[in-house]
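J.: just a sequence and a predicted model for now, questions to come.
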There are 4 protein chains.
Amino acid sequence: MSESGINKRKTEHIRLCLTDQVEGVNKSTGLEGISFIHNALPEINFHDITLRTSFLGKTVQAPFLVSSMTGGSKLAAKINQNLAIAAEEKGWAIALGSTRALLESTAHQESFLIRKQAPNSPLIANLGAVQLNYGYGAEEAERIVEMTEADSLVLHLNSLQEIFQDEGDVNFENLLPKIEEVCKKVSVPVGVKEVGFGIDGHIAKQLHQVGISYIDVAGAGGTSWSQVEKLRSNDPLRKAAAESFNQWGIPTKDCLVSVRSHLPDVPLVASGGMKTGHDAAKAITIGADMIGFARVLLEAATESVESVLQVMEQIELELKITMFGIGVKTLTDLKETNRVEIMGKSLMEKS
Amino acid sequence: MSESGINKRKTEHIRLCLTDQVEGVNKSTGLEGISFIHNALPEINFHDITLRTSFLGKTVQAPFLVSSMTGGSKLAAKINQNLAIAAEEKGWAIALGSTRALLESTAHQESFLIRKQAPNSPLIANLGAVQLNYGYGAEEAERIVEMTEADSLVLHLNSLQEIFQDEGDVNFENLLPKIEEVCKKVSVPVGVKEVGFGIDGHIAKQLHQVGISYIDVAGAGGTSWSQVEKLRSNDPLRKAAAESFNQWGIPTKDCLVSVRSHLPDVPLVASGGMKTGHDAAKAITIGADMIGFARVLLEAATESVESVLQVMEQIELELKITMFGIGVKTLTDLKETNRVEIMGKSLMEKS
Amino acid sequence: MSESGINKRKTEHIRLCLTDQVEGVNKSTGLEGISFIHNALPEINFHDITLRTSFLGKTVQAPFLVSSMTGGSKLAAKINQNLAIAAEEKGWAIALGSTRALLESTAHQESFLIRKQAPNSPLIANLGAVQLNYGYGAEEAERIVEMTEADSLVLHLNSLQEIFQDEGDVNFENLLPKIEEVCKKVSVPVGVKEVGFGIDGHIAKQLHQVGISYIDVAGAGGTSWSQVEKLRSNDPLRKAAAESFNQWGIPTKDCLVSVRSHLPDVPLVASGGMKTGHDAAKAITIGADMIGFARVLLEAATESVESVLQVMEQIELELKITMFGIGVKTLTDLKETNRVEIMGKSLMEKS
Amino acid sequence: MSESGINKRKTEHIRLCLTDQVEGVNKSTGLEGISFIHNALPEINFHDITLRTSFLGKTVQAPFLVSSMTGGSKLAAKINQNLAIAAEEKGWAIALGSTRALLESTAHQESFLIRKQAPNSPLIANLGAVQLNYGYGAEEAERIVEMTEADSLVLHLNSLQEIFQDEGDVNFENLLPKIEEVCKKVSVPVGVKEVGFGIDGHIAKQLHQVGISYIDVAGAGGTSWSQVEKLRSNDPLRKAAAESFNQWGIPTKDCLVSVRSHLPDVPLVASGGMKTGHDAAKAITIGADMIGFARVLLEAATESVESVLQVMEQIELELKITMFGIGVKTLTDLKETNRVEIMGKSLMEKS
Ligand SMILES: Cc1cc2nc3c(=O)[nH]c(=O)nc-3n(C[C@H](O)[C@H](O)[C@H](O)COP(=O)(O)O)c2cc1C
Ligand SMILES: Cc1cc2nc3c(=O)[nH]c(=O)nc-3n(C[C@H](O)[C@H](O)[C@H](O)COP(=O)(O)O)c2cc1C
Ligand SMILES: Cc1cc2nc3c(=O)[nH]c(=O)nc-3n(C[C@H](O)[C@H](O)[C@H](O)COP(=O)(O)O)c2cc1C
Ligand SMILES: Cc1cc2nc3c(=O)[nH]c(=O)nc-3n(C[C@H](O)[C@H](O)[C@H](O)COP(=O)(O)O)c2cc1C
């Protein structure tokens, strides 16, 4: 696809994702099956609650990540800068959208170069894993890391997204050894993510065995790429086919439980349909270390730094209130709380 | 907060609670999971059914309590008087709203002084437990009891309510020893209650161990203070955050089961979302001794004694009909009935 | 209550029961939990299917009973005659509404005297069991049987109906020995029925032990008398109380299962919410011998014999088609079919 | 019924089936209880996926069958030709509607003679099994096969359809030995199908024992013949009775599971409510070899070959995408995948 073709597609993605029609139908993250058990006597001071933790070797003020979204156009530049300035101010981690454009054209390069706006945030560059079958390799990956001054590279697995794109790259054969090579040769930790259909424990384990440093599940229940491409496609066949996949994908909750049970210690990012700090708290109780937000930040990101900061502050407040509600002061305590009911089973009754 | 600030807030609470938007979303008491098994041959005379029992050492004509609502303003005075006169006439117990205003200002003191309207009813004074971290202690508590001529003092635990109030008192640290001190020094039995998010058995046990005489669960399924404060708040952040807590809280039914299993003998008040005598009957079968009603009485209380009496009579009639329907004449028999199905399990099939 | 008072009430009952507001809210017979397993190769001729069986010592052409509804007014006379002529023509059994009026006044006596219209149908007279506490006894019961030339007397148990009636007879004390006396002294078999809240196996067993010959469960899921009286009452208190009982009662399906498990052999009538021959088939598979229909026949009965016949024929056709669908020719085979799934458990998989 | 009577009925069937009112009410195929588990790392090339398989001794390019619909009228001729040309082009199998008309009249014979349009497709002739009780036998069956140049004859079992037709043939007695005779004497393999109420494993086994070569379950969840005849009937009785059967029938999923467990090796066609290639994939994972589509093709078939081709391509694309989504390249691998969750049980967790 031509460079301007990709640009056009990416801009359409943003436009469509600003509406609500891009979520799956009757498909949820599964987190509604988790609920907290109110602690009427918390015995803590709300002002003592802290969200501080670390990610990619850096301290973050909250366990939150701006998920990969964009780059490579004028609109993208604005979005990424608003996100970067806000991430730096709040102490969040931040990921770029696919940085392939960076290598393919010099236009809008600055849209990817947000290190100056976010000097201290953990910063993640992004590349489609399937590109390893289309001319990209460890060398190109390293160049991307260098240009973006990133702390990490995340490879996205997006098989169905490629299918529903009219001219997608659909040869996903034999990627594992190529991912291994990238992990070996690139100078920063390499993570892997989906784009909304989820990664389970079996796949996560294979990826970890070839050198992947962290898993971002990007599960189902939020943005659905079959829905996005259904709205975008002009091919009636592909449009109709996409429709029948509106419930596809592993719910984010199931991804987390599955990955955590296969890989007890690997850093785990919960993303896909995360909307509130309340959702974040639930994901943390079942094993997530960091929480990634994409679409919920998008509208604010097209507006201003202040708009982004407001959403970020709301998410942080919600997480803190949840922790206050059950009487825990730190994320470590939150991870170990038994004031939670998971799929109808109260952890309190165990003890 | 200034005295008139508190007054303004309390009046707004009343105004908002007269609408239906203050209940949680898709959140219920859980009592719909309990149903009675009709007894086609009751073998009793309806006119022999009695609701008489005792509470706080006094006889009540029904196991019913007007829950804490208000005080400290002109509107509050009217509400409390209507409730007190009706409670006396029907032989119900009655609780005052937070009596903190009583100590802080002489304005509207009479709104709390309802002993002359209810000379025989068990009367309960009320104070936020968190105030024990903000300058209040056993001495102030005793003064409140004396001024109100109350038979008991109930401390309310309202952590999340304070959070959602823009200028709330949010240091809930180390309250347990202070509650113990109050229990020891105050001359009347001290109870504890929540305000709509519920108390579970673990917390109840801790409270009982430091001297609390009875537990009023004030569980979820009725008035939700995150909803009330969402409606009231001017801070868009806090408003949005409150929204994500619209399902927070332990359902009243779960509170009752949990407290009763940890404390088989402590007097137990079921409240939070209680609307009918039918609800009352259900709560009694799972261990409640008394039933508290707040919001369901509010509208009538702003009108007249007669309006309050009418709601009270309806609730009593509903409880009596339920007892007739299963063929029991006394509350003791109701507590032990096996003509009840709890969460799909019929107690009749056991025997 | 004065005779004309009773008449007025009974006419109001009929008027209200012609609307659909008299059914419980979200309350069903439970029969939707039973479904048949289609037999693609029935190996029978549809025209060989027969519904013939016997009831009260007489042959009936179908296992169907016109349930007790009315008597004692001009409208009642019309209804009963239409029902009687149709029952005779189709070979159904038929029951009268409460025949108390027959003893209390000579007005409209003919409305109860339908033996000439239905010379061969099993005919059942009807009396409220509670009347045994209000001046009625075996002697009056026998007089009713004689006057109506009935094959049986059915006593109805209607505790909650009496409560919701503004001036009901609510002393249900000590009825069992009086029922025993009636069973002993009356010259025809005595049955017992509810009026829509159901009879369970425990009660049925007690009744059977004192001499009751058959049980008509009249369970919940159809006409609800708390709803009827809610609509009829002028007393706002009683109206509101009735509302909170809109889910009261043992579903017809549960009654049947419970009675059948306690009394394997007693003749068992399924009624309460029966609408189609399809419902009838389901009830038969769980143990019913006869099926009673009340409200579903009412509208037609106020019109003409032809209207009643049409409803009857539809019900018969539905039962026959169901039998054809699973490949059984007789009611005995239907009772023993394993082509049925009860509450998610397929009887076919057992064998 | 006269020949023109049958024609009129068949044309009405088509007209009604072009609307959506012919599906059962709250009745589904059950396939919604099956879902796939996304494979984020498929390790295959989309373009390597193949749907090729064989049926009735011939290679088909996809495991798809145009189910029996029509014949014997001008409209039928158009429909059958559009379907035949498209089936040939895509390499699908195709079945004719009931070929009884072929023997009874020479009018519109050409509507059944589609071998020239589909020289290579597996072609199936069709006859109602009940006709074996109404003058048809092996000889007539063989004549139909010869005239249509079919590769197989499928007998349809349609007891309830016949009942709801005002003048249906309802003697289904003793068909099994007659089916045996047809299987023995006809020169091509004989299959059996229902028409939308389903065949279970018990019946399937009996049929297989008398010589049936394959089972097409034609289960519930799609076109419902009680609904079709309800809409078509002029007899108010039959209309109302049909209504109470709107949930009748064994869901397609249950048929497949049941037949497959009784007959592990017999060729099995999934049909009844199949709408997408996604549905097809689900049916294959529980044992189906071929998938039959009727109503979903009907509208396109009344239009043009191109319209039919478009629906066919969409179905094929959906199946391929599903296979890509879980990372399998062949139907054999799809049958054995454990990336599927059936009724809440994940096959992945087994291994
Ligand atoms: C507008 C938009 C663009 C995206 N672009 C990328 C991308 O370039 N690379 C990537 O790995 N994921 C991309 N994603 C996927 C997100 O990172 C995330 O995994 C997914 O949207 C699920 O999260 P959500 O439900 O919070 O939106 C994009 C998402 C959105 C909404
Ligand atoms: C208008 C209003 C004011 C209240 N004020 C108090 C209060 O001052 N102190 C207190 O302990 N609870 C207070 N409550 C909480 C109630 O006592 C009760 O626990 C809660 O409303 C749940 O009961 P409900 O669902 O019946 O309303 C108040 C409730 C309402 C509706
Ligand atoms: C208008 C009307 C009048 C009734 N009158 C009597 C009666 O006098 N005696 C009696 O035992 N049941 C009476 N019933 C109750 C019915 O016999 C039956 O038990 C109940 O209505 C449930 O059946 P259904 O759902 O088919 O209506 C009456 C029902 C109706 C609808
Ligand atoms: C218009 C129409 C006509 C049909 N005619 C026949 C027929 O002649 N013979 C037959 O065996 N099935 C016939 N069927 C039934 C189908 O073959 C199929 O079993 C049934 O419609 C269920 O599949 P569906 O849900 O995909 O429509 C017909 C179906 C339709 C919609």
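T.: Great, that's in hand. Given the structure is predicted, the values throughout are model-derived calculations rather than measurements. Ligands and ions are numbered 1, 2, ... in the order given.
J.: surely A:E299 and A:L18 touch.
T.: Yes: judged on Cβ atoms under 8 Å, A:E299 makes contact with A:L18 at a distance of 5.8 Å. C-beta: built from backbone N, CA, C; applies to glycine.
J.: wait, A:L51 sits on A:E318?
T.: No: with contact defined as Cβ under 8 Å, A:L51 does not count as touching A:E318 (11.1 Å).
J.: is whatever residue of the stretch 1-150 of chain A ends up closest to ligand 4 in a helix, a strand, or coil?
T.: Closest to ligand 4 within the stretch 1-150 of chain A is A:V25: 21.8 Å, counting by Cβ to the nearest ligand atom. Secondary structure, DSSP: H, G, I helix; E, B strand; the rest coil: A:V25 is coil.
J.: so the closest residue to it other than its chain neighbours, which of the three states?
T.: Distances taken as Cβ to Cβ, 6 or more residues apart in numbering or on different chains place A:N246 nearest to A:V25, at 4.2 Å, with adjacent residues excluded. Under three-state DSSP, A:N246 falls in the coil class.
J.: what is the burial count for the nearest residue in space to A:I326 that is not next to it in sequence?
T.: Using Cβ to Cβ, 6+ apart and skipping residues adjacent in sequence, the residue nearest A:I326 is A:R339, 4.1 Å away. A total of 22 residues lie near A:R339 under the criterion other Cβ atoms under 10 Å in any protein chain shown.
J.: I'd say A:R339 and A:A40 touch.
T.: No: contact status for A:R339 versus A:A40: not in contact, 10.9 Å apart, counting by Cβ under 8 Å.
J.: how about the stretch 151-300 of chain A: which residue is closest to ligand 2?
T.: For the stretch 151-300 of chain A, Cβ to the nearest ligand atom, closest residue to ligand 2: A:H278, 21.9 Å.
J.: sorry, that was for chain A
T.: For chain A, Cβ to the nearest ligand atom, closest residue to ligand 2: A:A40, 11.6 Å.
J.: check which helix or strand that residue maps to.
T.: Under DSSP states H and E, no helix or strand contains A:A40.
J.: distance-wise, check it relative to ligand 3.
T.: 46 Å (Cβ to the nearest ligand atom, to the nearest Å).
J.: B:C255 versus that residue, what's the distance?
T.: 9 Å (Cβ to Cβ, to the nearest Å).
J.: any residues in contact with both of those two?
T.: B:198-200 (Cβ atoms under 8 Å, 6 or more residues apart in numbering or on different chains).
J.: which other helices and strands contact the longest helix anywhere in chain A?
T.: Secondary structure of chain A read by DSSP state H shows that its longest helix is helix A:305-326. Applying 3 or more Cβ pairs under 8 Å, 6 or more residues apart in numbering or on different chains; DSSP states H and E, one finds that helix A:305-326 makes contact with strand A:34-36, strand A:64-66, helix A:74-90, helix A:277-285, helix A:295-303, helix A:331-336, helix B:159-164, helix B:236-243.
J.: nearest to ligand 1: which residue in chain A?
T.: Counting by Cβ to the nearest ligand atom, chain A gets nearest to ligand 1 through A:G222 (2.0 Å).
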